[in-house]
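1. Any chance you could fold what I've pasted below:
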Amino acid sequence: MKSLTNKLVMSVLALVLTGVALSVGVLAWFTINNRATIEAFTGTVQTGEGFYVSLDGNTWKNTLTTTEMQTAAGAVTFVPLTSQDGIALYDLGSSTAATAGFIEFDLLFAGSANLNNIIIDSLTLSGTQTSWIPGIYVPGTRQTGAPDANTPILDYVSNAARVSFQDMITTTTSTIFEQSVGTDTNSLGFGTYATNEAILFYNAIMDTDLVENDFDTAAAALALKPTEQAGNGLTVVVAALNPNGTVISGYTYDTSSLTAIGGSSEKVGAITVRVWVEGWDQEAFNAILSGVLTVNFNFTAKA
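-> Residues are numbered from 1 along each chain as shown. This is a model prediction of the structure:
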C-alpha cells in the first residue's frame, strides 16, 4: 500500500449547473434573467496512510463522502465574477468583494512530521456542450461569413471556469487554474478588446458598447497573476504544512486522535477552494451557464 502513502484524492467534484439559456447569449457579465444553480454536488475525498483530511478540524478521515462535500459547498447560484488573486472575487464595476455567486469551502489536512507541502498533481475541468444562436453576423468571431448568422455557437462552461486554492495559514498565497489551451477548443485568458469574442458579440447586439479602457484595465490587472493550466502530471504547490499548534483562522482543531502519524507532533495545513465563472473570459457567454461543470483534482503531500 506504499503507493497510497500521503496521497489525497478528490476523485469527483461535479458541479451541476442548470439554467435558462437566453436566446441571445452575449457576454456573461450582462445576463439579466439567467439562473445557474447547483442541483447536484458529488464528490469524495480519500487519503492514504499518513495523511488525513477534515472539514472541521476535529473529525479526521481518510474519506469524505459526497453528502459531506455537498454540505460543505452549500447551495449556490453562479453569477459571473472576476478575481485577480483567487481570494477576493468581484462583480463588474464593484469595489466590494462578492459573498455569493461562487463555490467556496475549506479543507484541513494533517500529515506526518516529515511532510512540508500540499501539491496538486492533477486537475481537470470538463463540461457539457452548450449552444446559442446569435441571430446576427459578427466579423472577427468563429462565424464563417454573413450567411452564418443563425448557425449555433458551441462552447463549454469549463472554458470560462476558474478554480483557486488559498493557503489559509499563509493567506496571501493562492493559485488559480483554468482550462488548458486547446481542450474543448479553449483559448487561454482574455484576448484583447478587438479579439475577445464575447465582447464582439456584446457590442454588436447591445445598444451600448463596452468601454475599451475598462476591459484593458481589467485584463492588465488579471495578467499580473498568471493562471496554471488544468491537466495531469502537475507539481503545483498550493499550501504548506506547518507545525501542530499553528493557528488556522476560524478553526480550533484537535489532532490528538491521529496517533498513527505522531499524535501532537504531526503537521497541519488548510486551503480554501473557490470555483467561479470568470466574467472577462473570452468564452464567457451566458449560455454556458446552462451546462454541467465537472472539476476533478488530486492532492499529494510531500516533504
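2. For the stretch 101-250 of the chain, which segments count as strands?
-> Remark: strands assigned in the stretch 101-250 of the chain by DSSP state E, counting those that start in this stretch are 103-111, 117-127, 129-132, 153-156, 161-167, 174-178, 228-229, 231-240, 242-243.
3. winner for burial among these?
-> strand 161-167 (a mean of 24; mean count of other CB atoms under 10 Å). Backbone N, C-alpha and C define where each C-beta goes, glycine included.
4. can you give me the angle that strand makes with strand 103-111?
-> Interaxial angle, strand 161-167 versus strand 103-111 (axes from the mean of the first three to the mean of the last three CA atoms, to 10 degrees): 40 degrees.
5. Quick one: mean pLDDT over strand 161-167.
-> Average pLDDT, strand 161-167: 95.
6. now swap in stretch 284-299 and tell me
-> 76.
7. Straight-line length of it, end to end?
-> 28 Å (CA to CA, to the nearest Å).
8. Also stretch 164-175?
-> Per CA to CA, stretch 164-175 runs 5 Å from first to last residue.
9. any residues touching that stretch, and which ones?
-> 83, 85-87, 106, 120, 176-177, 228, 236, 238-240, 242, 246-249, 269-274 (CB atoms under 8 Å, 6 or more residues apart in numbering).
10. Let's verify Gln70: helix, strand, or coil?
-> Look at Gln70: counting by DSSP: H, G, I helix; E, B strand; the rest coil, its state is helix.
11. Give me the contact list for stretch 107-116.
-> Applying CB under 8 Å, 6+ apart, the contact partners of stretch 107-116 are 6, 8, 45, 50-57, 60, 118, 239-241, 248, 251, 253, 255, 258, 261-262, 265-271, 273, 299, 301-303.
12. Contact partners for the residue nearest to Asp254 when sequence neighbours are not counted?
-> Of all residues not flanking Asp254 in the chain, Asn58 sits nearest, at 5.1 Å (CB to CB, 6 or more residues apart in numbering). Applying CB under 8 Å, 6+ apart to Asn58 gives the contacts Thr252, Tyr253, Asp254.
13. if we can go back for a sec, can you say which of the strands of the stretch 101-250 of the chain is nearest to Thr208?
-> strand 129-132 (20.9 Å; CB to CB).
14. That closest one - contacts with which helices or strands?
-> Judged by 3 or more CB pairs under 8 Å, 6 or more residues apart in numbering; DSSP states H and E, strand 129-132 is in contact with strand 153-156.
15. can you dump the C-alpha coordinates of the strand it packs on into CSV?
-> Taking only C-alpha atoms (Å, rounded to 0.1, in the frame of the first residue of the first chain), the coordinates of strand 153-156 have been written out as CSV:
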residue,chain,number,x,y,z
ILE,A,153,-22.3,28.9,-31.3
LEU,A,154,-21.0,25.9,-29.3
ASP,A,155,-19.0,26.2,-26.1
TYR,A,156,-18.4,24.8,-22.6
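16. just use 650 as the starting number from now, easier for me
-> Done: numbering now begins at 650, and the last item shifts to strand 802-805.
17. Tell me which other helices or strands it touches.
-> Packing partners of strand 802-805 (3+ CB pairs under 8 Å, 6+ apart): strand 778-781.
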